[in-house]
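S.K.: what's the 3D shape of this:
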Amino acid sequence: MAALPDFDDHEQVVFCSEESAGLRAVIALHDTRLGPAIGGCRMWAYADETAAVVDALRLSRAMTYKAAMAGLDLGGGKSVIMGNPRRAKTPELLQAMGRAVNRLCGRYITSEDVGTSVADMSEIRKATRYVVGLSETEGGSGDPSATTAEGTVIGIRAAVGHAFATTDLRDARIAVQGLGDVGWHVADSLARQGAELIVSDTIPERIERAVVEFRASVAEPGRIYDEPMDVFVPCALGGIIDDSTVNRLKARVIAGAANNQCARDCHAQALQDRGILFAPDYIINAAGLIRVDSERRGFDPEWVEQKVRSIGKTLKQVFLAAEQWNVSTLEAAQRLALKRLTSHK
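M.R.: Model (predicted):
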């Protein structure tokens, strides 16, 4: 485990199996100095077990930094279920996942993620109380997608303001990669603010709808990196900024909701060297975490809105720190997050 490059002194990595329910999963707890680890339960058809472990390691570390930079008393964790969510997901499997979470006795709190939903969290809740992101009828805050999108758009405006000295998005050429629940809300908000949208997605129906509703132009998934644009907004899966794409991007700003957009930290530095402003993903997409965290104390919309609005201010702090320290924005964000972790008593 320690030989994997993404292992970062994680406190605990648990392999979970329940053959009768078809469960094969990994739960990774990165750092719990600020509080219990929280992070979504992702279900994905991974190529192999190593790919699942690496994803859990990377995502849980990002959750540590996300909670720290959002000012939340939470640690970083993540769980991944190995399997195709469209074919292998069953109530029995989800309840088995709940039992796996429950065995950690509150050190890890789960929620929805790629491949899981609010309804799935209700199923997991039948086996554990350590779950958030529940429906409003169950005392939760409902689907966090719209809130995540709201925080992302606030972050986009902050990044555009830093790079272009204006937050006016009218006629800005913005490429949105991924039109899932969060990406759709982001695209809708940007279109309403007058942006010229380029969209990309693997599901044709989403593209057709975006062309009609947003008057968007379309880029093939593998070609969106080559489009002339002002802002690139990744809202699909992570690892999309890598050796093959980092030099193709023509944007001045990269600011989107996808997790772990840079395949490696060095790619953030490569963007910096090219004069591209990168908004660290675990800051700009923190609104969903803020929303589900509120459930632990009784959902408070006003507290959530106040914390979400602060995302722009946090990004500005990171941009200025990166300039002062002459480092990438990702490294600046990590330094600031570690400062909070190490100063916590």
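S.K.: use CA for all of it now, contacts and neighbours both
M.R.: Noted.
S.K.: Can you tell me the SS state at the residue nearest to the spatial centre of the chain?
M.R.: The centre of the chain sits closest to residue 259, judged by CA atoms, centre = their mean, with a distance of 3.7 Å. At residue 259 the chain is in coil, as set by DSSP: H, G, I helix; E, B strand; the rest coil.
S.K.: OK, contacts around it?
M.R.: Under the criterion of CA atoms under 8 Å, 6 or more residues apart in numbering, the contact partners of residue 259 comprise 59, 62, 237-238, 281-282, 285.
S.K.: Tell me the one among the residues you listed nearest to residue 230.
M.R.: Ranked by distance to residue 230 (CA to CA), the contacts of residue 259 are led by residue 281 at 17.9 Å.
S.K.: Please enumerate the strands of the stretch 101-250 of the chain.
M.R.: Secondary structure of the stretch 101-250 of the chain (DSSP state E, counting those that start in this stretch): strands at 108-111, 173-177, 196-200, 217-218, 231-234.
S.K.: pLDDT weak spots in the protein?
M.R.: 1-3, 344-345 (pLDDT under 70).
S.K.: Let me see the domain layout of it.
M.R.: What automatic domain parsing lists as the domains of the chain is 12-62+74-138, 145-290+294-343.
S.K.: wait, which of the ones you listed is closest to residue 6?
M.R.: Evaluated with CA to CA, the domains of the chain place domain 12-62+74-138 nearest to residue 6, the distance being 6.0 Å.
S.K.: Can you measure across that closest one, start residue to end residue?
M.R.: Across domain 12-62+74-138, the terminal residues are separated by 30 Å (CA to CA, to the nearest Å).
S.K.: can you give me how far that domain is from the chain middle?
M.R.: How far domain 12-62+74-138 lies from its chain's middle: 15 Å, per CA atoms, centre = their mean, to the nearest Å.
S.K.: now stretch 128-146
M.R.: Taking CA atoms, centre = their mean, one finds the center of stretch 128-146 at 17 Å from the center of the full chain.
S.K.: Give me the contacts around that stretch.
M.R.: In contact with stretch 128-146 (CA under 8 Å, 6+ apart) are residues 98-99, 101-102, 106, 108-112, 117-119, 121-122, 124-125, 181-182, 185, 288, 291-293, 295-296, 299.
S.K.: packing partners for the biggest helix by length in the chain?
M.R.: Ranked by residue count and defined by DSSP state H, the top helix of the chain is helix 301-325. The contact analysis (3 or more CA pairs under 8 Å, 6 or more residues apart in numbering; DSSP states H and E) places helix 301-325 against helix 145-164, helix 281-284, helix 287-294, helix 329-343.
S.K.: Tell me if I'm right that residue 84 and residue 47 touch.
M.R.: No: counting by CA atoms under 8 Å, residue 84 stays clear of residue 47, with 10.9 Å between them.
S.K.: which one of these two has more residues nearby?
M.R.: Using other CA atoms under 10 Å, the more surrounded residue of residue 84 and residue 47 is residue 84, with 13 against 10.
S.K.: Now the more buried one: phi and psi?
M.R.: Its backbone dihedrals place residue 84 at phi -80, psi 120, with angles given as degrees, to the nearest 10.
S.K.: How about it: what's its closest non-neighbour residue?
M.R.: Nearest residue to residue 84, sequence neighbours excluded (CA to CA, 6 or more residues apart in numbering): residue 45, at 4.7 Å.
S.K.: gap between the one you found and residue 33?
M.R.: When distance is defined by CA to CA, residue 45 is 32 Å away from residue 33.
S.K.: Just the buried ones out of the contacts of stretch 128-146, please.
M.R.: Burial of those was assessed by neighbour count (16 or more other CA atoms under 10 Å); the buried members are 98-99, 101-102, 106, 108-112, 117-118, 121-122, 124-125, 182, 185, 288, 291-293, 295, 299.
S.K.: Residue 86 is in contact with the residue nearest to residue 84, correct?
M.R.: No: with contact defined as CA under 8 Å, residue 45 does not count as touching residue 86 (9.8 Å).
S.K.: Between the two, tell me which one has more neighbours.
M.R.: With neighbours defined as other CA under 10 Å, residue 45 and residue 86 compare such that residue 45 has more, 16 against 12.
S.K.: Would you mind giving both backbone torsions of that one?
M.R.: Dihedral pair for residue 45: phi -80, psi 80, per degrees, to the nearest 10.
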